[in-house]
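*Asks:* requesting a structural model of the entry that follows:
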Amino acid sequence: MTRSGEPGASAQWTSETRPGVSGSSTATAKTETADGTSCMTITDIAIVDGEETRVSKRMCKAPGESRYIVVA
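*Replies:* Residues are numbered from 1 along each chain as shown. Have a look, this model is predicted:
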């Protein structure tokens, strides 16, 4: 997961529990709501045995919180 949360920030990863699984996560957008909640859209690319899958998710953190959580 990207730490800065700035659009374009990316992190590469390799599964420690599943052989042949790796990928990357890239922040593709960042917004802030009226109440100060910071949200970002993350695009994950997972490569499983050479086959690529892309999935987007939205993550937010409330004012005063230090971590983003996945939201529906």
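*Asks:* buried set for stretch 64-72?
*Replies:* Using 16 or more other C-beta atoms under 10 Å as the test for burial, stretch 64-72 gives residue 68. From N, CA and C alone the C-beta is placed, and that goes for glycine too.
*Asks:* name the residues that touch that stretch?
*Replies:* 1, 5, 38-40, 57-61 (C-beta atoms under 8 Å, 6 or more residues apart in numbering).
*Asks:* what's the answer for stretch 39-54, then?
*Replies:* Under C-beta under 8 Å, 6+ apart, the answer for stretch 39-54 is 1-2, 5, 7, 18, 20-33, 55-61, 68, 71.
*Asks:* now that stretch - C-alpha only, CSV.
*Replies:* The C-alpha atoms that make up stretch 39-54 are tabulated as CSV, following Å, rounded to 0.1, in the frame of the first residue of the first chain:
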residue,chain,number,x,y,z
CYS,A,39,-10.1,9.5,0.7
MET,A,40,-8.0,8.0,-2.1
THR,A,41,-8.7,5.6,-4.9
ILE,A,42,-6.1,2.8,-5.2
THR,A,43,-5.7,0.7,-8.3
ASP,A,44,-4.2,-2.7,-7.5
ILE,A,45,-2.6,-4.9,-10.1
ALA,A,46,-2.3,-8.5,-9.0
ILE,A,47,-0.3,-11.0,-11.0
VAL,A,48,-1.1,-14.6,-10.3
ASP,A,49,1.0,-17.1,-12.2
GLY,A,50,1.5,-14.6,-15.0
GLU,A,51,-2.1,-13.5,-15.3
GLU,A,52,-2.8,-9.8,-14.6
THR,A,53,-5.9,-8.6,-12.8
ARG,A,54,-6.8,-4.9,-12.0
